[in-house]
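J.: compute the structure for the input listed below.
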Amino acid sequence: MATAQRPFHLVVFGASGFTGQFVTEEVAREQVDPEGNSRLPWAVAGRSREKLQGVLERAALKLGRPTLSSEVGIIICDIANPASLDEMAKQATLVLNCVGPYRFYGEPVVKACVENGTSCIDISGEPQFLELMYWKYHEKAAAKGVYIIGSSGFDSIPADLGVIYTRNKMKGTLTAVESYLTVHSGSEGMCIHDGTWKSAVCGFGDQSNLKKLRNQSNLKPIPIVGPKLKRRWPVSYCRELSSYAIPFLGSDVSVVKRTQRYLYENLEQSPVQYAAYVAVGGVTSVIKLVFAGLFFLFFVRFGIGRQLLIKFPWLFSFGYFSKQGPTQKQIDASSFTMTFFGQGYSPEFCPVKNKPNIRICTQVKGPEPGYVATPIAMVQAAMTLLNDASDLPKAGGVFTPGAAFSRTKLIDRLNRRGIEFSVISSSEV
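T.: Numbering: from 1, shown residues only. Predicted coordinates:
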């Protein structure tokens, strides 16, 4: 509950940023307490009071809530001013951090939250940041009893919870899953704000440090149950979806692997192997994406190349990313489907030396990924953390969404808000 010392249940930090404004709107839709009978005390935070006020006024107009601006607190703070971040953290139970790229701006927020006993959720899709925060802050967060939960947007809640949902629906032991993401767009196509592009450029340009971090962690490999899941070619064909596919290069694989490790080591659940792909359509789309990918991988290797990629996102991404971001019409016409193909063993069947004898297909479907599904996922993760504390891991710490929420009702919450989990088929082979 909010107290005089912590007057706000949650604070949206970076509310005037491109994604932050959509998260602010989503919190406004969801501002009721666990009993559903009163307003949820919350605030927006950032550098400019004028911009924050503008975001609230636009949300009020869009939602038909003329009194919204007067109901929401405003906190002025700056990522470059640690004292101001401390003051923000002290006023909240939970901070929703929307300020990226997280490799540059994420750690000061995590540090302020941990030191001041405040939980934090972000929407980072940057494996290096996510994994580094675990190694630097997990024990400190656990000691404080706070939850630091990364990748709680489209990266990577559909994938992470989709694998858990698939496991829960299989009548047996799930051993391996491949997911295929399909993004649907309207007549005006799709577009992503260049903040995501900057994160990708910086992440791919710093792959060596991610490898170094993983080598230093010296983790024991978790067991492989059943046949080892083989990687597909850089361009493969998915017969079930009648589409060519390429590997998904976001954070999903990293996040799911960390979740599976947590579930195996802490809850003694059988680990699931995982691979992620993007369905790209026909040959023309493949050729276009191969050229874009080659350009990207060449330029990202050099400092001046990265500068050019960041300066001209629309040119180097063949129009998929822009400094303006998508129009409202593009957002309204877009949606996603993530299809999971799983295999495993029935209860009476031994995985040693036998091929999997059960297959299952599940789906997660939802609205436009970046600016509709991401705010829904982030805010529902926040509501789960605030309302379902007894179902979270007993101690605090730094967690993936699957590790934090595997025993909660988050999937039910997402279903009610338009991110729908379903079983397509399940059969013995």
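J.: can you show me the helices along the stretch 101-250 of the chain?
T.: Secondary structure of the stretch 101-250 of the chain, counting by DSSP state H, counting those that start in this stretch: helices at 102-105, 107-115, 127-144, 157-169, 194-204, 207-217.
J.: convert the C-alpha atoms of the fourth one to CSV, please.
T.: Presented in CSV, the C-alpha positions along helix 157-169 are these (Å, rounded to 0.1, in the frame of the first residue of the first chain):
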residue,chain,number,x,y,z
ILE,A,157,7.2,-11.8,-22.2
PRO,A,158,5.4,-13.6,-25.1
ALA,A,159,8.4,-15.9,-25.7
ASP,A,160,9.3,-16.5,-22.1
LEU,A,161,5.8,-17.1,-20.8
GLY,A,162,4.9,-18.8,-24.1
VAL,A,163,7.4,-21.6,-23.4
ILE,A,164,6.0,-21.9,-19.8
TYR,A,165,2.4,-22.0,-21.1
THR,A,166,3.4,-24.7,-23.6
ARG,A,167,5.1,-26.7,-20.8
ASN,A,168,2.0,-26.4,-18.6
LYS,A,169,-0.3,-27.5,-21.4
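J.: quick one: buried residues of that helix?
T.: 157, 158, 159, 160, 161, 162, 163, 164, 165, 166, 167, 169 (16 or more other C-beta atoms under 10 Å). In short, each C-beta sits where N, CA and C put it, glycine included.
J.: hmm, back to that, and among the helices of the stretch 101-250 of the chain, the most buried is which?
T.: Per-stretch averages of neighbours, counted by mean count of other C-beta atoms under 10 Å, single out helix 157-169 among the helices of the stretch 101-250 of the chain, with a mean of 25.
J.: ok, and what's touching that one?
T.: Identification of contacts with helix 157-169 by C-beta atoms under 8 Å, 6 or more residues apart in numbering yields 151, 174, 177, 179, 252, 255-256, 259-260, 269, 272, 274, 276, 336, 338, 340, 342, 360, 362, 364, 366, 373, 377, 381, 400-402, 405-406, 410-411, 414, 419, 421, 423, 426.
J.: put the buried members of those residues into a ChimeraX selection.
T.: Buried members of these can be picked out in ChimeraX with the line below, counting by 16+ other C-beta under 10 Å:
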select :151,174,177,179,252,255,256,259,260,269,272,274,276,336,338,340,342,360,362,364,366,373,377,381,400,401,402,405,406,410,411,414,419,421,426
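J.: out of the contacts of helix 157-169, which sit inside helices?
T.: Counting by DSSP state H, the contacts of helix 157-169 place 252, 255-256, 259-260, 377, 381, 401-402, 405, 410-411, 414 in helices.
J.: between those, which is nearest residue 18?
T.: Using C-beta to C-beta, residue 377 is the member of the ones in helices among the contacts of helix 157-169 that lies nearest residue 18, at 16.7 Å.
J.: excluding chain neighbours, what is closest to that closest one?
T.: Leaving out its chain neighbours, the residue that sits closest to residue 377 by C-beta to C-beta, 6 or more residues apart in numbering is residue 157, at 4.3 Å.
J.: tell me the spacing between the one you found and residue 373.
T.: For residue 157, the distance to residue 373 equals 9 Å [C-beta to C-beta, to the nearest Å].
J.: and if you look at residue 122?
T.: On the measure of C-beta to C-beta, residue 122 and residue 373 end up 16 Å apart.
J.: how close does the residue nearest to residue 377 sit to residue 311?
T.: From residue 157 over to residue 311 the distance is 32 Å, taken as C-beta to C-beta.
J.: same question, residue 71
T.: From residue 71 over to residue 311 (counting by C-beta to C-beta), the distance is 40 Å.
J.: quick one, which of these two is more surrounded?
T.: In this view residue 71 and residue 311 are compared by other C-beta atoms under 10 Å, and residue 71 has more residues nearby, 15 against 11.
J.: what sits against that one?
T.: Residue 71 neighbours (C-beta under 8 Å, 6+ apart): 31, 39.
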